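S.K.: For reference, the sequence and a predicted model appear below.
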Amino acid sequence: MELIKSFSVDHTRIVPGIFTSRTDTLGDYTVTTYDVRLKRPNREPVVDVAAMHSLEHIIATFLRNDPDWKDEVVYWGPMGCLTGFYLILKGSRAPQELYDLLLKTFRAVDGVQEVPGATAVNCGNYRMHNLEMAKWYAKEFADYLESNAGNPAIFEYPGTERLITDDGRHFYDS
């Protein structure tokens, strides 16, 4: 099987940031998946699972209610590795174009008084939330974005160095 693009990113060099993971054309529509990475993979602790769940609810609700973006949002959800989230939007934009939206969104988490949809009727695991930790992670990421706004590394995936054979095949050593 061919290695998918998100697995060909050098996870030993990635930093927190906003990255284009993939762009797909579906009929007449283009959708883009963005990697919103909060943690350095394999180098720092991942986001606490209950806080991640709370951030999923809060940010999905915020994005789908933002008057300028709600019609563009297809999906917001956590990465299985718990180092960040995937944001899928209609169209195709450079990650830098999402900076203000995501900074505003993560800053807004601090003002949340309760996790939206955290009831047995609305959520498949409504007891697994941690609002205070979600606020902590959101502030940490927003502060990081602000302090690195001029750093291009927060918008560009580090590529993997892979040997390519003469006939164009990628060599993987394990």
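M.R.: Done, it's in.
S.K.: which secondary element of this structure has the worst mean pLDDT?
M.R.: strand 17-26 (a mean of 94; mean pLDDT, DSSP states H and E).
S.K.: Mind checking what secondary structure residue 141 has?
M.R.: Secondary structure assignment for residue 141 (DSSP: H, G, I helix; E, B strand; the rest coil): helix.
S.K.: Test my guess that it contacts residue 37.
M.R.: No - contact criterion C-beta atoms under 8 Å: residue 141 and residue 37 do not qualify, at 9.1 Å. Bear in mind the C-beta positions are built from the backbone N, C-alpha and C, glycine included.
S.K.: okay, and the common contacts of the two?
M.R.: The contact sets of residue 141 and residue 37 overlap at residue 16 (C-beta atoms under 8 Å, 6 or more residues apart in numbering).
S.K.: Hmm, residue 144 is touching residue 16, no?
M.R.: Yes - at 5.5 Å, residue 144 counts as touching residue 16 under the criterion of C-beta under 8 Å.
S.K.: give the contact list for the most centrally placed residue in the chain.
M.R.: With distances taken as C-alpha atoms, centre = their mean, the residue of the chain nearest its centroid is residue 36 (2.3 Å). Shown in contact with residue 36 (C-beta under 8 Å, 6+ apart): 18, 84-87, 102.
S.K.: Could you do residue 96 as well?
M.R.: Going by C-beta under 8 Å, 6+ apart, residue 96 touches 18, 155.
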